[in-house]
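Enquirer: Generate coordinates for the sequence data below:
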Amino acid sequence: MSQQPATAPVPDRQPLDEHAAASVLAYAADQRAKVDVLASVLEDIAVNGYPAPETGMLWETARDAHLARLADEQPRVA
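Expert: Next up, the predicted model:
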């Protein structure tokens, strides 16, 4: 992913107000951080192989923790 924003002006776009632009930038940063975590996990697997099943987490436990995190998040507008 590119860290650089688009530089060429696009004629048919409507500008965002300051609050909306800040929200979009915060969401983009959050998504970029999640992708960075995923990429680091995949790189670790590529270098070191899969972790032993005994050291992992049950999928039910991971699912429940993820659902709890989602329930605690603030609602977002798409």
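
Enquirer: Determine how far the last residue of stretch 54-62 lies from the first.
Expert: Start to finish, the residues bounding stretch 54-62 are 15 Å apart (Cα to Cα, to the nearest Å).

Enquirer: burial count for Y27?
Expert: Y27 has 13 neighbours, counted by other Cβ atoms under 10 Å. To be clear about C-beta, it is placed using only N, CA and C from the backbone, and glycine gets the same treatment.

Enquirer: ok, and it, which helix or strand is that part of?
Expert: Assigned by DSSP states H and E, Y27 belongs to helix 18-48.

Enquirer: ok, now Q74?
Expert: Q74 belongs to no helix or strand, assigned by DSSP H and E.

Enquirer: Tell me who's in contact with it.
Expert: Contact partners of Q74, counting by Cβ atoms under 8 Å, 6 or more residues apart in numbering, are absent.

Enquirer: Roughly how far does it sit from A29?
Expert: 15 Å (Cβ to Cβ, to the nearest Å).

Enquirer: and the gap between the residue lying farthest from the centre of the chain and A21?
Expert: Residue farthest from the centre of the chain, counting by Cα atoms, centre = their mean, is P11 at 29.0 Å. Note on P11: its distance to A21, by Cβ to Cβ, is 19 Å.

Enquirer: Ok, L58 next?
Expert: For L58 relative to A21 (Cβ to Cβ), the value is 41 Å.

Enquirer: neighbour count winner among those two?
Expert: For the pair L58 and A21, the greater number of neighbours falls to A21 (11 against 8), based on other Cβ under 10 Å.

Enquirer: Give me the distance between the more buried one and A28.
Expert: 11 Å.

Enquirer: Name the spans of this protein whose pLDDT lies under the cut-off.
Expert: 1-6, 8-10, 76-78 (pLDDT under 70).

Enquirer: give the contact list for R13.
Expert: Neighbours of R13 in contact, by Cβ under 8 Å, 6+ apart: none.

Enquirer: What values do phi and psi take at it?
Expert: phi -110, psi 150 (degrees, to the nearest 10).

Enquirer: Using the three-state scheme, assign L16.
Expert: Following DSSP: H, G, I helix; E, B strand; the rest coil, the label given to L16 is coil.
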